[in-house]
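Asks: structure for the following, please:
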Amino acid sequence: MGIQFFSDDIILVSLPSQPQQSDEFETLNTMLSDAIDHDVVMDFTNVEMLTSESICGLLILAKLLGGAGHEFVLCSVPAPINDIFNRTGLLSVFDFADTDEEALDTVRERKASLAGA
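Replies: Take a look at the predicted model:
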């Protein structure tokens, strides 16, 4: 669990089993409030419970990053958590990847295609 600068422009966030009881969202929001200059990959490998508070935090981050032209990809989402996204109609709101490597590749590919456009 924690926040890592994977590269100069990508932040990798590994969430704990109960994200609402940790400070990853608050820390990330504080970091991004200074300057939105990173893409974010959020790893759900350890997540066992997702509350409405956490979903709200994810929606805020998605809007903040998207509005600034940055990527936000959720990865390694366990089936029970994926069901929450499905039941709440949020599968189309977020970008998903199976692994953190796939998510990082997705971010890099999108940035490369934008740079070449």
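Asks: and stretch 92-109, which residues are buried?
Replies: 94, 95, 96, 97, 100, 103, 104, 106, 107 (16 or more other CB atoms under 10 Å). All C-beta spots, glycine's among them, are computed from the backbone N, C-alpha and C.
Asks: what is the most widely separated pair among those?
Replies: 94 and 104 (16.0 Å; CB to CB).
Asks: pretty sure residue 41 contacts residue 65?
Replies: No: judged on CB atoms under 8 Å, residue 41 makes no contact with residue 65 at a distance of 11.0 Å.
Asks: other SSEs contacting the lowest-mean-pLDDT helix or strand in the chain?
Replies: Across the helices and strands of the chain, mean confidence by mean pLDDT, DSSP states H and E is lowest for helix 24-34: a mean of 75. Helices and strands touching helix 24-34, as assessed by 3 or more CB pairs under 8 Å, 6 or more residues apart in numbering; DSSP states H and E, comprise strand 2-5, strand 10-14, helix 52-67.
Asks: out of these, which one sits most buried?
Replies: strand 10-14 (a mean of 20; mean count of other CB atoms under 10 Å).
Asks: what does it contact?
Replies: Contact with strand 10-14 is made by 1-6, 24, 28, 31, 38-43, 45-46, 100, 104, 107, as judged by CB atoms under 8 Å, 6 or more residues apart in numbering.
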